[in-house]
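Q: Pasting the sequence and the predicted coordinates here, then a few questions.
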Amino acid sequence: MADLFAAYDPPAPTEVPDTAPLADRLRPQRLEDVVGQDHLTGPEGAIGRMVAAGRLSSMILWGPPGTGKTTIARLLADAVGLRFVAISAVFSGVADLKKAFAEARDHARIGKRTLLFVDEIHRFNRAQQDGFLPYVEDGTVTLVGATTENPSFELNAALLSRAQVLILRRLDAAALELLLARGEALEERPLPLTPEAREAIVASADGDGRFLLNQAETLFSVDLPEPLDAAGLSAFLQRRVAVYDKDREGHYNLISALHKSLRGSDPQAALYYLARMLTAGEEPLYVLRRIVRFASEDIGLADSNALVVCLAAKDSYEFLGSPEGELAIAQACLYCATAPKSNAAYTAQKAAWRVAKETGSLMPPQNILNAPTKLMKDIGYGKDYAYDHDTDAGYSGSNYWPEEMAPQTFYTPTDRGLEKRIAERMAWWAELKGKP
């Protein structure tokens with residue numbers, strides 16, 4: 001801890017009053033003081049290189065909350081001598097943008113360029129985003145947008161083509177610990193926490209530096225007779241709710257991670273991602289639908305009981321509700337993760353659907369058509385049909401394909417799970433069919 005204290009010389013904030021929140025009082029005064037983003041702000045990083053050259057291009061800062069997007073934008077303007085203007089897409093409209101652009105153009109006439117920082121830029125609609133383009137292209141403003149959402153989904157392609165996307169990383173434990181040490185140096189006293197509680201408060205921040213400093217400020221504001229242990233800290237502070245928007249990228253990232261963990265037969269990881277989603281408030285039936293789909297797509301006939309287990313989990317959850325019914329979801333998840341895998345049925349289904357669309361309305365052979373009327377019998381419907389149960393092997397080997405179409409192979413079972421037995425049975429039928 002002594003090394004962390006020694007490594008940081010707290011700035012003397014000239015514009016931030018002592019009554020300001022700790023996070024504001026600790027806001028870095030130099031780019032090199034920004035924690036956890038050395039891949040961007042370091043000498044070899046994109047931002048470091050731009051500052052060294054004295055020229056900024058427009059950029060989108062994409063990263064989780066509390067990772068330094070606003071701070072970096074402000075320090076960038078200072079580093080290259082640009083006028084800094086900040087607006088929020090949450091509180092600003094077209095009139096605010098027009099005013100910002102007009103003022104930027106006026107300042108450009110006297111040789112002062114503007115860095116326009118737009119927080120939550122993804123909240124502007126497509127037409128509003130298009131409004132930035134001429135001012136970015138002619139250099140009226142250098143645009144720095146900040147977003148917590150995937151720019152690929154939320155920002156116009158035209159805007160993305162004119163701005164570099166820079167990804168800020170979630171703050172790791174070392175970066176968060178450094179923030180705590182800086183807070184302690186500024187307050188000139190240690191946090192009233194045991195080592196275990198200190199680890200717990202860092203973990204509770206979930207990578208959000210601002211949240212961590214707010215929690216630390218709460219601890220600094222009270223007079224505790226002795227340091228809190230982990231249990232005492234949990235009772236004293238509220239744990240941060242995990243970042244998870246059910247209709248945005250976090251939702252799709254976690255369901256993808258769950259599906260691929262199941263496919264990769266990793267029950268531990270699959271259960272972890274299931275827990276991540278359900279504890280964050282995901283709709284359990286949505287997760288169940290995906291697991292049911294997985295049972296058909298990735299397990300199939302290698303273990304056909306997987307689909308039964310998943311549907312039983314759905315019935316159990318609908319009967320019990322949360323939290324009791326979530327155990328059945330976990331059971332289905334673990335069953336699928338540990339079951340033998342095969343996508344042979346899934347592949348066969350796609351191939352059969354494709355050929356069915358290509359071949360149109362070909363007539364099946366007459367011998368396998370029903371003949372409920374005398375006319376249908378007279379024209380040959382059902383004639384010479386071989387009833388399989390009348391054969392010794394229970395298999396006639398008849399042709400069931402339209403006369404204009406050669407027999408196709410859609411389903412090829414694997415040698416995993418029950419499909420190994422299915423493959424043996426199909427090979428036996430093929431042998432019978434080849435015999436005179």
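A: Thanks, I have it.

Q: C-alpha from now on. contacts and neighbour counts both.
A: Noted.

Q: For the host helix or strand of Ala348, which outside residues touch it?
A: For Ala348, the enclosing helix or strand under DSSP states H and E is helix 344-359. Contacting residues not belonging to helix 344-359 are listed as 296-298, 300-301, 410-414 [CA atoms under 8 Å, 6 or more residues apart in numbering].

Q: That helix: which residues count as buried?
A: 344-346, 348 (16 or more other CA atoms under 10 Å).

Q: got the contact list for the very next helix or strand once past that helix?
A: Going down the chain from helix 344-359, the next helix or strand is helix 374-378, by DSSP H and E. For helix 374-378, contacts defined as CA under 8 Å, 6+ apart pick out 371, 383.

Q: same check, this time on stretch 410-419
A: Applying CA under 8 Å, 6+ apart, the contact partners of stretch 410-419 are 301-303, 340-342, 344-345, 347-349, 351-352, 420-423.

Q: In which helix or strand does Leu115 reside?
A: Going by DSSP H and E, Leu115 is part of strand 114-119.

Q: Secondary structure element holding the residue positioned nearest the centre of the chain?
A: When CA atoms, centre = their mean is applied to the chain, the residue found nearest the centroid is Asn253 (2.1 Å). Element membership for Asn253 (DSSP H and E) is helix 249-263.

Q: Give me the average confidence score over the following helix or strand past that helix.
A: Downstream of helix 249-263, the next assigned helix or strand under DSSP H and E is helix 267-279. Mean pLDDT, computed over helix 267-279, is 93.

Q: Ok, stretch 336-347 next?
A: Mean predicted lDDT for stretch 336-347 stands at 96.

Q: residue ranges with poor pLDDT in this structure?
A: 1-15, 238-250, 435-436 (pLDDT under 70).

Q: All the strands of it, residue numbers only.
A: 59-62, 83-88, 114-119, 141-147, 164-167 (DSSP state E).

Q: Now render those as a markdown table, adding mean neighbour count and distance to Ser398.
A: Formatted as a markdown table, the strands of the chain follow (neighbours: other CA atoms under 10 Å; distance: least, CA to CA, whole Å):
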| stretch | mean neighbour count | distance to Ser398 |
| --- | --- | --- |
| strand 59-62 | 23 | 62 |
| strand 83-88 | 17 | 72 |
| strand 114-119 | 25 | 69 |
| strand 141-147 | 25 | 63 |
| strand 164-167 | 17 | 62 |
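
Q: can you redo the ones you listed as JSON lines with distance to Ser316?
A: Output for those, formatted as JSON lines (distance: least, CA to CA, whole Å):
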{"stretch": "strand 59-62", "distance to Ser316": "41"}
{"stretch": "strand 83-88", "distance to Ser316": "46"}
{"stretch": "strand 114-119", "distance to Ser316": "45"}
{"stretch": "strand 141-147", "distance to Ser316": "40"}
{"stretch": "strand 164-167", "distance to Ser316": "42"}
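
Q: Out of those strands, which gets nearest to Leu40?
A: strand 164-167 (7.6 Å; CA to CA).

Q: Check which helices and strands that closest one sits against.
A: Helices and strands touching strand 164-167, by 3 or more CA pairs under 8 Å, 6 or more residues apart in numbering; DSSP states H and E, are strand 59-62.

Q: circling back to that earlier point, Leu369: which of the contacts of helix 344-359 is nearest?
A: Nearest to Leu369 among the contacts of helix 344-359 is Phe410, at 22.7 Å by CA to CA.

Q: okay, now the closest one: neighbour count?
A: Close neighbours of Phe410, defined as other CA atoms under 10 Å, add up to 17.

Q: can you check the one 5 residues further on too?
A: Asp415 sits with 15 neighbouring residues when counted by other CA under 10 Å.

Q: got it, and Thr391?
A: Neighbours of Thr391 using other CA under 10 Å come to 10.

Q: So it versus Thr347, what's the distance?
A: Applying CA to CA, to the nearest Å, the value for Thr391 to Thr347 is 32 Å.

Q: Lys314 now?
A: Lys314 is 26 Å from Thr347, by CA to CA.

Q: thinking again about what came up before, how close does the residue nearest to the centre of the chain get to Thr70?
A: With CA to CA as the criterion, Asn253 and Thr70 are 25 Å apart.

Q: can you check Gly281 too?
A: 29 Å.

Q: the more surrounded of these two?
A: Ranked by neighbour count (other CA under 10 Å), Gly281 and Thr70 place Thr70 first, with 19 against 14.

Q: just checking, the more buried one touches Val144?
A: No: in this structure, Thr70 is not within contact of Val144 by CA atoms under 8 Å, at 9.4 Å.

Q: what sits in contact with each of those two?
A: Phe117.

Q: Let me know how buried Leu82 is, in neighbour terms.
A: Residues near Leu82, counting by other CA under 10 Å: 19.

Q: Arg170 too?
A: Neighbours around Arg170, by other CA under 10 Å: 20.

Q: Name all residues that make contact with it.
A: With the criterion set at CA under 8 Å, 6+ apart, Arg170 makes contact with 36, 63-64, 67, 207-208.
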